[in-house]
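S.K.: coordinates for the following, if possible.
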Amino acid sequence: MIGTNLLERRSKPERITDQAWQHLVSAVNTAGDSIRDTARSARHTSAGLADGAGDLVGSAADEARHRATRAFDALAGRRPALPWTLLVGAALVGAAIGWAAGTAARAAGSHDRAVEDIDFVDVERPDSPAETDR
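M.R.: Residues are numbered from 1 along each chain as shown. Down below sits the predicted model:
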């Protein structure tokens, strides 16, 4: 009696979230059990296939658990965390590309300035044959 009063006082979204969570948990457990049974029968038939199926069962169960957790968070109104590793990696790659482009631009710019800064000067030599004729 006391437990039912507490459950009735919760808001409708909380009740829906709890029901959805229970459905997800039972679906994951059912899927995990059937996959485990399949893996056990495969293990008996072939030792090589059993190792691959065992890895598959583990990864499938982990994926199902991960998806169920994300679904529960979405139903509860929580946003997923930012992928900081991806963001930091993209920033580092962008910085490296910018640095390379800046270095290449500076190298190209300094090459052009060196050619333009050359001044040619006429030098008159005292032993020059042209000056003796004058």
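S.K.: mind giving me the domain ranges of this protein?
M.R.: For the chain, automatic domain parsing gives the domain ranges 1-81, 83-118.
S.K.: quickly find the element holding residue 68.
M.R.: helix 47-75 (DSSP states H and E).
S.K.: and residue 35, by the same measure?
M.R.: helix 12-45.
S.K.: can you check residue 80 too?
M.R.: Applying DSSP H and E, one finds residue 80 in no helix or strand.
S.K.: dump the residue contacts of it.
M.R.: 70, 73 (C-beta atoms under 8 Å, 6 or more residues apart in numbering). (Each C-beta comes from the backbone N, C-alpha and C, glycine too.)
S.K.: separation between it and residue 70?
M.R.: 7 Å (C-beta to C-beta, to the nearest Å).
S.K.: who touches stretch 20-33?
M.R.: 57, 60, 61, 64, 65, 68, 71, 72, 75.
S.K.: and with 7 Å instead?
M.R.: 61, 64, 65, 68, 71, 72, 75 (C-beta atoms under 7 Å, 6 or more residues apart in numbering).
S.K.: now swap in stretch 66-73 and tell me
M.R.: Contacting residues not belonging to stretch 66-73 are listed as 21, 24, 25, 28, 80 [C-beta under 7 Å, 6+ apart].
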